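Peer 1: Sequence and predicted structure, then a few things I'm wondering about:
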Amino acid sequence: MRRAFICGNWKMNKTASEAAAMLRDLRGAVSMVRDRVEIAVAPPFTALAAAAKAIEGSNVELAAQNCHSQGSGAFTGEVSAEMLKDLGVAWVILGHSERRQLFHETDAGVNEKISAVLKAGMLPIVCVGETLAEREAGKTLDVVSTQVKGALKGFSAADGARFVVAYEPVWAIGTGKTATSRQAQEVHAHIRGLLTELWNPDTAQQVRIQYGGSVKPDNATELLSQTDIDGALVGGASLKVADFAGIVKAKG
Ligand code: 13P
């Protein structure tokens, strides 16, 4: 049985003080689901230290939104996996479609970053998803296959079982247009099939696959009740305590 995992991706929102203030409220609002749902938030880098302090002793974990693949060196403006681990980060979101589209990230680059994250003792949330043009051209499953295989290539089943994959159709992100539970379940089941090929059926059954794209309290129950939807990666609705807690409770 896979434990549900809801992660808030705050993107480029909230200062360190705003993050701390929100998390002081959030920790109380989600404390009742402690064993049933795993919860994480991914503030911007500048708010991670304050966030770590604000969630200390709670059931909210810390995630980062990206990292560099190298441990240290002349990479102006970048942040390494070790630096994140040192702040108390447990999860790193990799290959988000905004990073792919705006910062030219590739599957090969995501693959290198996963290695760095594992080496530092954290776990990846690997994002995949098709654009509207790709969906309309009937290429959704092919695009997702290429992304999953490219990003996860070379990792052992033992490591892979602990990974999280997030299916985020690009056309559903920040648009208010959610994939129907049927559309999402189709892709999630396809991803689980790919993981079976890549590793083995047991491992594929252990991997949690989150859905992301305009998840709100009022559509979360329906999405999260699908067989292969094991949680959510939440953008806009993760910025308000009531909305994010509402999504967590939809599963808890
Ligand atoms: P929205 O929930 O704002 O659509 O964003 C989804 C997302 O990109 C999470 O990573």
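Peer 2: Yep, it's here. What you see is a predicted model, and the numbers here were worked out from it, not measured in a lab.

Peer 1: The ligand contacts on the stretch 151-252 of the chain?
Peer 2: 168, 173-174, 212-215, 233-237 (Cβ under 6 Å from any ligand atom). The C-beta positions use only the backbone N, C-alpha and C, and glycine is treated the same way.

Peer 1: And the residues you listed, which is the shakiest by pLDDT?
Peer 2: Lowest pLDDT within these is found at G174 (90).

Peer 1: for the strand or helix carrying Q210, the distance to its chain's centre please.
Peer 2: Taking DSSP states H and E as the definition, one finds Q210 inside strand 208-212. Taking the mean of its C-alpha atoms, strand 208-212 sits 7 Å from the chain's own mean (Cα atoms, centre = their mean, to the nearest Å).

Peer 1: can you tell me which residues contact the closest residue to the ligand within the stretch 101-250 of the chain?
Peer 2: Of all residues in the stretch 101-250 of the chain, G235 sits closest to the ligand, at 2.2 Å by Cβ to the nearest ligand atom. Each residue near G235 by Cβ atoms under 8 Å, 6 or more residues apart in numbering is listed here: 8-9, 11, 173-174, 212, 214.

Peer 1: Now with 7 Å, please.
Peer 2: 9, 11, 173-174 (Cβ atoms under 7 Å, 6 or more residues apart in numbering).

Peer 1: Please apply the same query to Y167.
Peer 2: With Cβ under 7 Å, 6+ apart, Y167 has these contacts: 128-129, 184, 187-188, 191, 209, 211.

Peer 1: hmm, back to that, looking at the contacts of G235, which is nearest V60?
Peer 2: Comparing the contacts of G235 against V60 with Cβ to Cβ places N9 closest, at 14.0 Å.

Peer 1: what is that closest one paired to in the beta sheet?
Peer 2: A42 (DSSP bridges).
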